[in-house]
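A.B. asks: Structure of the sequence below:
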Amino acid sequence: MIACRAKIRILSVAVCAALFLLAAFDEGCAFEDPPSRGLIREFRCGVAAHDVDGLWSGSSKEKGPDIHAEAIFDRPLFQLFAATAYPDVGADVNTRGDTSKIFGGLLLQWEPSGPFFFSTGAGLALHDGKLDTADTDRKSLGSQVLFRIPVEIGYAITNHHRIMILFDHVSNAYLASPNEGMDTLGIVYGYRF
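C.D. replies: So this is what the prediction gives:
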């Protein structure tokens, strides 16, 4: 019951973060863009391996798959090297009761004329994991708020349907101790409105 309440709180914070991002970035586009089609540009959902070993964080302690959900807002913020930056929010909920997180930030999307695309970005994540623990099956993350870096490679099946491989890394960037960090790797389906 307590874990369920924590996950509801996490989702509530995600909604608040989404509203904050919309208010903060509603008027600030640095270039002319076609009129907005709506609030959400793309919605994504998928499944990911939790705390993957041998990637950026270097070790794995936690287990179980994560359920991934993410919304990318239809508010282009700026362009950089032919990529367009969009605000995004989302959540990764661990199905085993280990660390779950909500996140928000900017996602830079490179979408050439072909069906393949690439995205990366930066943002912050709020988690319900351990800050400093001696448990051998939990990560010590050092701070409740972590930096998040996503990397995605995807394929546009149609104008609306997309599939991608998602990697993300969260850590406190050694601004706190300890800093074990955590990596997620999964497959995600996206629906572009």
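
A.B. asks: Look at residue 133 and give its secondary structure.
C.D. replies: Classification of residue 133 using DSSP: H, G, I helix; E, B strand; the rest coil returns coil.

A.B. asks: Now do the contacts for it.
C.D. replies: Going by CB atoms under 8 Å, 6 or more residues apart in numbering, residue 133 touches 139-140. C-beta coordinates here come from the backbone N, C-alpha and C atoms, glycine included.

A.B. asks: Tell me how far it lies from residue 192.
C.D. replies: From residue 133 across to residue 192, the span is 40 Å (CB to CB, to the nearest Å).

A.B. asks: Likewise for residue 165?
C.D. replies: For residue 165, the distance to residue 192 - CB to CB - is 17 Å.

A.B. asks: Do you have the helices of this structure handy? List them.
C.D. replies: Using DSSP state H, the helices of the chain run over residues 2-25.

A.B. asks: where does it dip in pLDDT?
C.D. replies: For the chain, the stretches with pLDDT under 70 are 1-37.

A.B. asks: quick one: the residue lying farthest from the centre of it and residue 94, what's the gap?
C.D. replies: Distance from the centre of the chain peaks at residue 134, with 27.4 Å (CA atoms, centre = their mean). Relative to residue 94, residue 134 is positioned 20 Å away (CB to CB).

A.B. asks: ditto for residue 142
C.D. replies: Following CB to CB, the distance that separates residue 142 from residue 94 is 18 Å.

A.B. asks: again with residue 116
C.D. replies: 30 Å.

A.B. asks: Which one of those two is surrounded by more residues?
C.D. replies: Taking neighbours as other CB atoms under 10 Å, residue 116 and residue 94 compare with residue 94 leading, 24 against 12.

A.B. asks: Test my guess that that one contacts residue 48.
C.D. replies: No. The criterion here is CB atoms under 8 Å, and residue 94 misses it with residue 48 at 9.6 Å.

A.B. asks: Need the residues touching each of those two.
C.D. replies: 65-66.

A.B. asks: ok, the closest residue to residue 56 other than its chain neighbours to residue 183 distance?
C.D. replies: Spatially, and ignoring its direct neighbours in sequence, residue 56 is nearest to residue 169 (4.4 Å; CB to CB, 6 or more residues apart in numbering). Distance, residue 169 to residue 183, by CB to CB: 5 Å.

A.B. asks: Residue 57 too?
C.D. replies: Relative to residue 183, and taking CB to CB, residue 57 is found at 5 Å.

A.B. asks: residues shared between the contacts of these two?
C.D. replies: Joint contacts of residue 57 and residue 183 (CB under 8 Å, 6+ apart) are 51, 169.

A.B. asks: who's more crowded, these two?
C.D. replies: A direct count of neighbours by other CB under 10 Å for residue 57 and residue 183 places residue 183 higher, at 22 against 19.

A.B. asks: Please name the nearest non-neighbouring residue to that one.
C.D. replies: residue 55 (4.1 Å).

A.B. asks: for the one you found, what are its contacts?
C.D. replies: 167, 169, 183, 185.
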